[in-house]
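In: Return a 3D structure for these sequence lines:
(one chain, ligands or ions: 1)
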Amino acid sequence: MTAIETTGLTKTYGELTAVDDLDLTIEDGEVFGFLGPNGAGKSTTINMLLDFARPTSGSATVLGYDAQDEADEISPRVGVLPEGFDIYPRLSGRRHIEFAIDTKDATNDPEAILERVGLSVEDAARPAGDYSKGMRQRLATGMALVGDPDLLIMDEPSSGLDPHGIREMQDLVRAEADRGTTVFFSSHILEHVEAVCDRIGVLNEGTLVAVDTIEGLRESLGDGATMELTLADAADGHLETARGVAGITAVAAAGQTLECSIADPAAKATIVTALDAAGATIQDLRIDDVSLESLFTTLTNGEGDAGVQATDDTAAPEAVATEVDQ
Ligand SMILES: Nc1ncnc2c1ncn2[C@@H]1O[C@H](COP(=O)(O)OP(=O)(O)OP(=O)(O)O)[C@@H](O)[C@H]1O
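Out: Below you'll find the model as predicted:
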């Protein structure tokens, strides 16, 4: 079964096309990264999947149910971590989890959920209004996990988390995936997507510009890693050997240096073995992988720059779950 399938999904706001003719298929059990710069249409897409916003045209199914006509079947099976989640300041963290358990008619143990998201018993007893941004994010994640959803939709899940919290979040996503949960992970922070996702889709100005694995994207852009090998003797004597290695697309020799463009990651080891067998002595080697940032910038015509961040931003909350536009 496909976890999410959209067909020609489109949403316009007046003159603006927020999501344009989106065809996307996400298989059961995948961790799918939905990547795009600010304003690309990620939240709008999520809102349509959850029936918080109605498409202008096109359709979507979630867990096999029509996102508009069968939304009541979808909501108990989906856990949502909205961007800019609103807490109830006077309620304790634990009460939030209990509230989610009651609302979903679930049977989870609140302690177990709190432990999974790294909130201690003491913290869980405090009013959530006193929580740091990262703690609120953990709490929101805990609420999303209530009911052991088949699909977890996370909108900018690492927002507000410190590097340690981000690693924990990534571990949590992997643990959910190991349980068989499909994870739809929306982010404009590239490193976070790369670290956990099986495949990514890149959205730019409402249009899906690429869907692939990160490796696949690197290859399809024809711009894989480069490898620079420093040899003990003149490099041009080893040009032919290097050119004969499968997965190497171009080789240049300058002095003692061979510079190879690598399309297949396996070629990195093969060329070392091949040169060694041909009698070359390798003194040094350097590999430069194409950064995901440069891929993202290529795919989004440079607009990715605004969203390329090594750290989280503090964009104004958009309260996906509370936005109603039908
Ligand atoms: N309710 C609305 N009314 C009018 N325009 C909207 C509405 N919701 C979203 N938009 C516009 O649609 C476009 C896509 O917005 P969306 O929030 O889906 O982007 P996003 O990719 O989630 O961005 P971010 O990473 O900043 O959260 C933006 O230009 C936004 O201003």
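
In: alpha carbons only for contacts and neighbour counts from here, please
Out: Fine.

In: doesn't Ile87 fall inside a strand?
Out: No: if the criterion is DSSP: H, G, I helix; E, B strand; the rest coil, then Ile87 is coil and not within a strand.

In: what's around it, how many residues?
Out: Per other Cα atoms under 10 Å, the neighbour tally for Ile87 reads 18.

In: That one touches Ala128, doesn't it?
Out: Yes: in this structure, Ile87 is within contact of Ala128 by Cα atoms under 8 Å, at 6.7 Å.

In: Find the residues that touch each one of the two.
Out: Residues touching both Ile87 and Ala128 (Cα atoms under 8 Å, 6 or more residues apart in numbering) are Arg136.

In: Now for the residue lying closest to Asp198 once chain neighbours are set aside: which residues touch it?
Out: Spatial nearest neighbour of Asp198, excluding adjacent residues (Cα to Cα, 6 or more residues apart in numbering): Val31 at 5.4 Å. Val31 is in contact with Ala177, Thr182, Val183, Phe184, Phe185, Val196, Cys197, Asp198, Arg199, counting by Cα under 8 Å, 6+ apart.

In: if you set the cut-off to 7 Å instead, what comes out?
Out: By Cα atoms under 7 Å, 6 or more residues apart in numbering, the contact list for Val31 reads Ala177, Thr182, Val183, Phe184, Cys197, Asp198, Arg199.

In: give me the element the third one is part of.
Out: Assigned by DSSP states H and E, Val183 belongs to strand 182-187.

In: Just the residues contacting that strand, thanks.
Out: Identification of contacts with strand 182-187 by Cα under 7 Å, 6+ apart yields 3, 28-36, 42, 150-156, 177, 193.

In: Could you work out the end-to-end span of stretch 179-189 for me?
Out: The straight-line separation of the ends of stretch 179-189 (Cα to Cα, to the nearest Å) is 25 Å.

In: Quick check: buried residues in it?
Out: Within stretch 179-189, the residues that count as buried by 16 or more other Cα atoms under 10 Å are Gly180, Thr181, Thr182, Val183, Phe184, Phe185, Ser186, Ser187, His188, Ile189.
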